[in-house]
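# build me a model from this:
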Amino acid sequence: MTDLPSRDAILEFVKDSSGPVGKREIAKAFGIKGDDRRALRALLGEMAEAGDLELGRGKTVHEAGGLPKVTVLRVVSVEDGRPFAIPESWDNPDPPPRVLVREKKGGRALGEGDRILARIEETGRGYRGHLMKRIGRTSEEVLGILRADERGHFLQPTDKRLRKTFSVHDIGEARPGDLVLAAVEGRKARVTQRLGDPFEPRSISLIAIHAKGLPHVFPEKVLEQADKSAGQPLGDGREDLRHLPILTIDPEDARDHDDALHVRRSNKGGWDAVIAIADVSHYVRPGSALDAEARKRGNSAYFPDRVVPMLPEVLSAGACSLVENEDRAALVCHLHIAEDGTLSNWRFARAVIRVAANIAYEQAADWPDIEPLWEAWRALFAARQAREPLELDIPERRVELDADGRVIRIGVRERLDAHRLVEDFMIAANVAAAKALEKKKSPVVYRAHETPGSEKIDALREYLKSLGVPFAKGQVIRPALFNRMLDALTDPILREQVSTEVLRSQTQAYYTTDNLGHFGLSLASYAHFTSPIRRYSDLLVHRALVRAFDLGPGALTDAEEAELEQISEHISKTERRAMEAERDTTDRYVAAYLSERAGDVVEARITGVTKHGLFATVDGVGGDGLLPMRALGGEYWQFDEATRTITGERSGTTYSIGQRLELRMVEANPVTGGLIFELPDGAGSPGAGGPRAQPRGRRKPGTSPKARKKSAGRKGAKGGKTPRRGRRER
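Sure, this is the predicted structure:
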């Protein structure tokens, strides 16, 4: 192992650098390679927690309390001819520092909205930025509803975080009431695209697609390449596995079948599994327009009424999809599973398969002649329980639509053992792919999930304290620690609420070329291999396997290898973008569903307390909304940040996290996804299952150590608790 530089040496290097500094630059400067970079990352994290330096976006590092030596600024004002700017990226909760920009002589004067690259100088009284080059003007695109009044047209944003409106000086072909895209500069806007009626059911997902900037229209050249690629032969040199009765197990309405399974008993003991994955690398070649578009999208996004696919439909639902009774190209993981569920003797090969049947999760328990598949899964499940990954009780909401796109029901997705079976086999294949590439000394795009930082754990501890849930200090942070704490909660609604907060305390999983392990799954090496139709990360892993094992065309190129870390950062961002769009769309559908109940009294639970009011979640459907402080009555309410409570000065009534209330729903806005509540008849009525608003004092939640039943049976049983991020982590 290479000796790591001292903290002082790192600080000196960061201070003396004339350009942006990241972990890559520090590693190169001090000759740190391979797995030693993991130790460097941990050291930088410790230095950040100690306040020695700060970690910015894009893995940049700079001195604590300061700005990077070179950064992008946005001019926010011009005062007496002097331009002032703020950093375009600023993660600190404090307001961003204002930077006085020194312009170049003879150049065009900077104006509000200009974006520049500047060298930063600390003067002792603030910051001065030396203009290096102009990047362009900030013209933010905002999605909103065009409105009109006696003063003219204005834009009402659909993003509930934007509380201001914008004056519209050019409406184009739009009419008041239309959903539009508008270019915004300052407080003025210009309509650039009319999208139609915002209250049309099919507009709900479009709002998120446009708001998050998801690419959703394939260029003509990409479609032409996809058509041509879909028609190419499967190629020579493939193992012929068409004799195997291989199955896909997916949702009933699935169209893109990434993975298929076959398991038989091994005469050496244990089981031999064939995990066949769509061979997307055969159809999508590096450097093509098709590949560039897939990389730009990064992943597919799934909405209740549509899919925004990473690949054109002729591939995603056609040539690549493992449909039954058709010859299909596959990249196969041959995997031996021991009696105790451990993995050994994996091998990767290209093959041609013919799926015997595409079955739904609901059919798997009674499907004939697949007992070895269930036996092998029970061994994998036992091994999973032994390593104690993070298990969270967070039901996944399911939005059901009618033929016209209107919401008919908001439910919870049923969790069957078949879901767990597929998930555990996919995790096994993902582990095998990562370890196989490591053994070949090949570059790997890992799926990393780091241990939660101390700040988030401290915040979680304070939150749990407000609920009366014990979470002692000084414990080693492991997934099992969270699991035991959750198992002690007998109230299912409280357990769900705490599970959500535990999830928020976790770091976000991401893609990287550094092996940092996967905290949530309790795995030392993990990559994504099993979903190349919908994730670009998996396609990169396929290409790496093709190159490492000399499996033919479509291998990872030297140019791709040189860019792997940058690509990893990009697809991590596109994944977050898709997750936000999917979540916002679900919120809007829930609001649309509840809008017909405006004025009704609903059962809800308080999930957040702030100085602005109470946040509450509607039982059953999961809609989140605000009970503003002004709706609590005329008395003065004291907010206590430490206990996360508010208390009426006159009445002594206290509201705290976890309380059940009956609330009147004043507004449910399908466009923003926001809900507004008030107290019915001016007083809070407790729901049947929760504590009443009460004088100050902590309630005692049920904490008898009744462990949740973890079923590993086959028929009629659900698959237990929902793992962190479910579909995205397998």
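# which residues does the nearest residue to A631 once chain neighbours are set aside contact?
Excluding its sequence neighbours, the residue lying closest to A631 (CB to CB, 6 or more residues apart in numbering) is E678, at 4.2 Å. All C-beta spots, glycine's among them, are computed from the backbone N, C-alpha and C. Applying CB atoms under 8 Å, 6 or more residues apart in numbering to E678 gives the contacts L627, A631, L663, R664, V666.
# correct me if wrong, but the second one is in a helix.
What it means is A631. Yes. Assessed by DSSP: H, G, I helix; E, B strand; the rest coil, A631 belongs to a helix.
# so P395, which of the three states?
Counting by three-state DSSP, the backbone at P395 sits in coil.
# quick one: the nearest residue to it once chain neighbours are set aside from F615, how far?
In this structure, P395 finds its nearest non-sequential neighbour in V412, 4.1 Å apart by CB to CB, 6+ apart. Distance, V412 to F615, using CB to CB, to the nearest Å: 21 Å.
# same question for K212.
For K212, the distance to F615 - CB to CB - is 23 Å.
# for E173, same thing?
Note on E173: its distance to F615, by CB to CB, is 39 Å.
# and what of S288?
S288 is 47 Å from F615, where distance means CB to CB.
# and if you look at K160?
With CB to CB as the criterion, K160 and F615 are 13 Å apart.
# so, low pLDDT: which residues of this protein?
For the chain, residues meeting the criterion pLDDT under 70 lie at 1-2, 17-20, 49-66, 91-95, 106, 124-125, 137-139, 161, 163, 682-728.
# please redo it, this time with the cut-off set to 50
The chain contains residues with pLDDT under 50 at 57, 684-725.
# and it, what are its domain boundaries?
The chain breaks down by automatic domain parsing into domains covering 7-63, 70-137, 140-198, 220-392+416-441+520-556, 454-505, 598-682.
# adding distance to E580, write those domains out as CSV.
Output for those, formatted as CSV (distance: least, CB to CB, whole Å):
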stretch, distance to E580
domain 7-63, 16
domain 70-137, 17
domain 140-198, 11
domain 220-392+416-441+520-556, 10
domain 454-505, 14
domain 598-682, 12
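# for the stretch 151-300 of the chain, which segments count as helices?
Along the stretch 151-300 of the chain, counting by DSSP state H, counting those that start in this stretch, helices occupy 203-211, 220-230, 280-283, 289-297.
# in the longest one, what counts as buried?
What it means is helix 220-230. V222, L223, Q225, A226, S229, A230 (16 or more other CB atoms under 10 Å).
# biggest helix in the protein, by residue count?
The longest helix of the chain (DSSP state H) is helix 558-594.
# next secondary structure after that helix?
Once helix 558-594 ends, the next helix or strand along the chain (criterion: DSSP states H and E) is strand 601-610.
# so V412 and F615 - more neighbours on which side?
For V412 versus F615, neighbours defined as other CB atoms under 10 Å are more numerous around F615 (18 against 13).
# is the more buried one in a helix, a strand, or coil?
strand.
# that one contacts P628, doesn't it?
No. At 10.5 Å, F615 does not count as touching P628 under the criterion of CB atoms under 8 Å.
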